[in-house]
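Peer 1: No letters, just coordinates:
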């Protein structure tokens, strides 16, 4: 377990996606280990999310129908549903990504692609669970259902965007490796006398304004420069590199697909929080959609009906 | 130790080397914690003394409650905000500096309580010269705002070497301020009353404590404009 947590920390810090670690075009993390971490962290966030049901105020007309067991049931349901939301969304969208990825000639094989997606989910869920404490705090101290719904939507959006940014940047770094390998292969295929020195693909940390460099003034309280990480941050694009066009397009389309399916999956699996105006059910009836519900909650909150 | 308690706040405000030095480790942590506790208790007690001048009953109990609540407010807010801050730092490539950043935040937190404590005589003076509860609320709000603004200067000073090394730390500094304010406002709302209305019984929490500060403000805005 500790090993898996360290792998997650390495992903967050950008160490696992550095040039050295991606040296063989493979993401050197355990997909199984990270999947377990995703499961645990998502359950922790589910616990934080479900906290609202513990202290919510029940309207007088439902006072007799909602008991302690319903509140605990909602909490447990949220703990199960949050990991289910991520894994089911991945399950639904992964095949299409793999097929289109292969179709445009990407060198990412099935296992490596899966590993990349699980790593991206791990980053997503790590951000989500790190914000879980704040969500739990507001859930326990707020009686407004629309406020909690919108807070959770905001937290999911922030973590989702960061997770997907990680995915795109890591994909890019892996693509750079493959481009380099391809050039070496091409050079080997050309007759020896006609070989020209191939332009080298530079894969090095960006040393621009945003990257670490430490002034002498800061040396007192900072570790010496040689101890600074030699890799760019997990969300940084290394200098002078671009995506392979087709792969980039496939992944961008997939990101949209993943977001839409994720939102609708969340809608299908609801309730996650547990409305104080409804009795506990494991799933609600099919009606409306995620986006209409979010707009409805926003309108209710702004019109003072919280 | 008591004489040290006079030196440590001064050191924190002057950003003395020990306040964020990795070398002294646990000793630094202990000193900062002691400074935070002492100054927080002092300002909290001053805040809760309103009943003494406004003729409230049981005001020593309110003083005790408020003295406990101010350090509680600051420390719990800090603990709730740190995990997200760590993950964001790691994700934006600043994980290696996190220990330094955390020491800076702790020292700033201590500085904030020192600033609050410095406003305690002003608070007492205000109470003594104006017995109105609503104005006492506003006065304390102003004290907190002033201490927050002044502590931003302290935070910027502590963060300067980090920002010089990587400009992204400036954004993280703002992120911390935003996260901390988001949680602190709600926490303060939960832990109210800090001053204690002379017309109400002294209680640690208000009966209607479990509510949302932001929604209350929004409802107020809606009422004003509708």
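Peer 2: Cool, got the structure. The structure presented is a predicted model; accordingly, all values stated were derived computationally and were not measured.

Peer 1: For the stretch 201-306 of chain A, just list every one of the helices.
Peer 2: With DSSP state H, counting those that start in this stretch, the ranges of helices along the stretch 201-306 of chain A come out as A:245-269, A:290-302.

Peer 1: ranking the ones you listed by burial, who's on top?
Peer 2: Neighbour counts (mean count of other CB atoms under 10 Å in any protein chain shown) averaged over each of those peak at helix A:245-269, with a mean of 17. All C-beta atoms are positioned from the backbone trio N, CA, C, and that covers glycine.

Peer 1: Show the average pLDDT along that one.
Peer 2: Mean pLDDT, computed over helix A:245-269, is 83.

Peer 1: in terms of contact count, name the helices or strands touching that helix.
Peer 2: When contacts are defined as 3 or more CB pairs under 8 Å, 6 or more residues apart in numbering or on different chains; DSSP states H and E, helix A:245-269 sits against helix A:68-103, helix A:145-189, helix A:290-302.

Peer 1: Out of those helices, which gets nearest to residue B:113?
Peer 2: helix A:145-189 (28.7 Å; CB to CB).

Peer 1: could you give the mean pLDDT of the closest one?
Peer 2: Taken as a whole, helix A:145-189 has a mean pLDDT of 82.

Peer 1: What pLDDT is listed against the residue in the stretch 201-306 of chain A that chain B sits nearest to?
Peer 2: The stretch 201-306 of chain A approaches chain B most closely through residue A:233 (2.3 Å), counting by CB to the nearest CB. Looking at residue A:233, its pLDDT is 76.

Peer 1: can you tell me how far it sits from residue B:77?
Peer 2: 27 Å (CB to CB, to the nearest Å).

Peer 1: Now do the same for residue B:38: helix, strand or coil?
Peer 2: What DSSP: H, G, I helix; E, B strand; the rest coil gives for residue B:38 is helix.

Peer 1: Any idea how many residues pack against it?
Peer 2: By other CB atoms under 10 Å in any protein chain shown, 20 other residues sit near residue B:38.

Peer 1: and residue B:72, how many neighbours?
Peer 2: Counted with other CB under 10 Å, residue B:72 comes out at 14.

Peer 1: Kindly apply the preceding question to residue B:195 instead.
Peer 2: Residue B:195 has 22 nearby residues by other CB under 10 Å.

Peer 1: one step back: could you dump the helices of the stretch 201-306 of chain A to TSV with distance to residue B:28?
Peer 2: TSV is the format used below for the helices of the stretch 201-306 of chain A (distance: least, CB to CB, whole Å):
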stretch	distance to residue B:28
helix A:245-269	44
helix A:290-302	44
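
Peer 1: Residue B:111: which of those is closest?
Peer 2: Short answer: helix A:290-302, nearest of the helices of the stretch 201-306 of chain A by CB to CB, at 36.2 Å.

Peer 1: quick one: contacts of the closest one?
Peer 2: If you take CB atoms under 8 Å, 6 or more residues apart in numbering or on different chains as the criterion, helix A:290-302 is touched by A:144-147, A:149-150, A:153, A:263-264, A:266-267, A:306, B:215, B:218.

Peer 1: chain center to that helix, what's the gap?
Peer 2: Distance of helix A:290-302 from its chain centroid, counting by CA atoms, centre = their mean, to the nearest Å, is 24 Å.

Peer 1: what about the helices and strands packed on helix A:245-269, which gets the closest to residue B:114?
Peer 2: When those are compared by CB to CB, helix A:145-189 sits nearest residue B:114, at 33.0 Å.

Peer 1: how much space between residue A:120 and residue A:162?
Peer 2: Distance, residue A:120 to residue A:162, using CB to CB: 10 Å.

Peer 1: Also residue A:171?
Peer 2: In terms of CB to CB, residue A:171 sits 15 Å off from residue A:162.

Peer 1: cool, residue A:125 as well?
Peer 2: 11 Å.

Peer 1: Residue B:47 now?
Peer 2: If you go by CB to CB, the gap between residue B:47 and residue A:162 works out to 39 Å.

Peer 1: that older thread, for residue B:65, find the nearest of the helices and strands packed on helix A:245-269.
Peer 2: helix A:145-189 (27.7 Å).

Peer 1: Nearest to the spatial middle of the chain, which residue is it?
Peer 2: Answering for chain A, as no chain was given. Nearest to the mean C-alpha position of chain A, by CA atoms, centre = their mean, lies residue A:124 at 2.3 Å.

Peer 1: Can you look at chain B instead?
Peer 2: Residue closest to the mean C-alpha point of chain B, counted by CA atoms, centre = their mean, is residue B:74 at 4.7 Å.

Peer 1: That one and residue B:35 touch, don't they?
Peer 2: No: using CB atoms under 8 Å, residue B:74 is not in contact with residue B:35; the gap is 11.6 Å.

Peer 1: Common neighbours of those two, please.
Peer 2: Common neighbours of residue B:74 and residue B:35 (criterion: CB under 8 Å, 6+ apart): residue B:113.

Peer 1: Point out where chain A drops to low pLDDT.
Peer 2: Scanning chain A for pLDDT under 70 picks out the ranges A:23-26, A:59, A:61-66, A:105, A:176-232, A:237-245, A:304-306.

Peer 1: returning to what we had before: could you find the closest non-adjacent residue to the residue nearest to the centre of chain A?
Peer 2: Ranked by CB to CB, 6 or more residues apart in numbering or on different chains and with sequence neighbours excluded, the top spatial neighbour of residue A:124 is residue A:163, at 2.7 Å.

Peer 1: The one you found and residue B:132: what is the separation?
Peer 2: For residue A:163 relative to residue B:132 (CB to CB), the value is 51 Å.
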